[in-house]
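Student: Turn this into a structure:
(3 chains)
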Amino acid sequence: MDKQDFYTQVYAIVKEIPYGRVTSYGAIAKSIGMPKSSRMVGYAMNASHDMPDVPAHRVVNRNGLLTGRMHFATPNQMEDLLVKEGILVKEHQVQNFEALFWDPFSLIN
DNA sequence: CCGTTGACGCCAT
DNA sequence: TATGGCGCCAACG
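Tutor: Numbers count the residues shown, from 1 in each chain, chains lettered A, B, ... in the order given. You can find the predicted model right below:
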């Protein structure tokens, strides 16, 4: 797999995350077939700021923690966007994470 | 060319 | 249960 494809596929999956749902960096990496490259998913998100149709705020870490919040325009932007979608966020962490979690694998099935 | 740096996650303790 | 260590690997200086 080309590293260019990696970015492309990451964006393709993130675009499919349903409104009001979230997923994790690791889940995305795994669905692409590179389970060890979760860090690269985060890197891809950092480079997706000028891509309006890529909802990077719906990607959190495997514990539902908003680890990427510092990279948005303001530290509260990520949290605000999630709350706006009806997701309850407390202490920078998505509440009811298990129920809101969207598995990218469901895209394949 | 090479050491450092992370929007991460698994594993050992 | 909670930390800490470490593998991961593309950017960056």
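
Student: tell me the contacts of the residue positioned nearest the centre of chain A?
Tutor: Nearest to the geometric centre of chain A sits residue A:59, at 1.6 Å (Cα atoms, centre = their mean). With contact taken as Cβ atoms under 8 Å, 6 or more residues apart in numbering, residue A:59 is in contact with A:14, A:17, A:22-25, A:28, A:41, A:45, A:68. Every C-beta, even on glycine, is put in place using the N, C-alpha and C of the backbone.

Student: For it, give the beta-bridge partners.
Tutor: residue A:23 (DSSP bridges).

Student: Pull the number of nearby residues for residue A:53.
Tutor: The local packing of residue A:53 (other Cβ atoms under 10 Å) involves 8 other residues.

Student: and what of residue A:19?
Tutor: 9.

Student: For residue A:81, see how far away it is.
Tutor: 11 Å (Cβ to Cβ, to the nearest Å).

Student: which residues in chain A form helices?
Tutor: For chain A, the helices defined by DSSP state H cover A:3-14, A:25-32, A:38-46, A:77-84, A:97-100, A:105-108.
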